[in-house]
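Enquirer: Show me the folded form of this:
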Amino acid sequence: MSFPFDPRLFLEIANQLLNDSHYEREGRIRTSIGRAYYAAFLLARKRLQEIGYSFADVYRLHKDVIETLMDINTSVGNKLNTLFDHRVDADYRMEARITQELGKSCARLSEHIIDSIERLK
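Expert: Alright, predicted model coming up:
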């Protein structure tokens, strides 16, 4: 399965936003967390499909990908789940404390997840 758009570009955008002072600070950090998550999530789903897994229920897609990944590699699955939780906080919980450090941590976590899923067999 290939994408016409490379989800790794979402991680690149996340890193650019973290350092771009032209945008409001918290808004760009919240957005960068979402992009970091989607880079890792989309590539994890793609890799899992390449090795034979399928995901039919669009309403459970995120949790199904995370749970499948946990079955194969608990550590990487837990990291994607953590990144998912931070994305939910950034997108839906306006009272959540979202810091520059958290944004950078999420970008690094996404990069680690992407590196790890590329080695899945």
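Enquirer: starting at the chain centroid, how far to stretch 103-114?
Expert: Using CA atoms, centre = their mean, to the nearest Å, the distance from the centre of stretch 103-114 to the centre of the chain it belongs to is 8 Å.
Enquirer: what residues does it touch?
Expert: 8, 11, 14-15, 18, 29, 32-33, 36-37, 39-40, 43-44, 76, 79-80, 82-83, 86-87 (CB atoms under 8 Å, 6 or more residues apart in numbering). Backbone N, C-alpha and C define where each C-beta goes, glycine included.
Enquirer: what stretches of this structure score poorly on pLDDT?
Expert: Residue ranges of the chain with pLDDT under 70: 1-3.
Enquirer: how about the helices in it?
Expert: Secondary structure of the chain (DSSP state H): helices located at 8-18, 25-50, 61-72, 74-92, 100-117.
Enquirer: would you turn these into TSV with mean neighbour count?
Expert: Below are the helices of the chain laid out as TSV (neighbours: other CB atoms under 10 Å):
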stretch	mean neighbour count
helix 8-18	18
helix 25-50	21
helix 61-72	17
helix 74-92	17
helix 100-117	19
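Enquirer: Distance-wise, check Cys13 relative to Ala107.
Expert: Actually, residue 13 is Ile rather than Cys. To Ala107, Ile13 is 10 Å away according to CB to CB, to the nearest Å.
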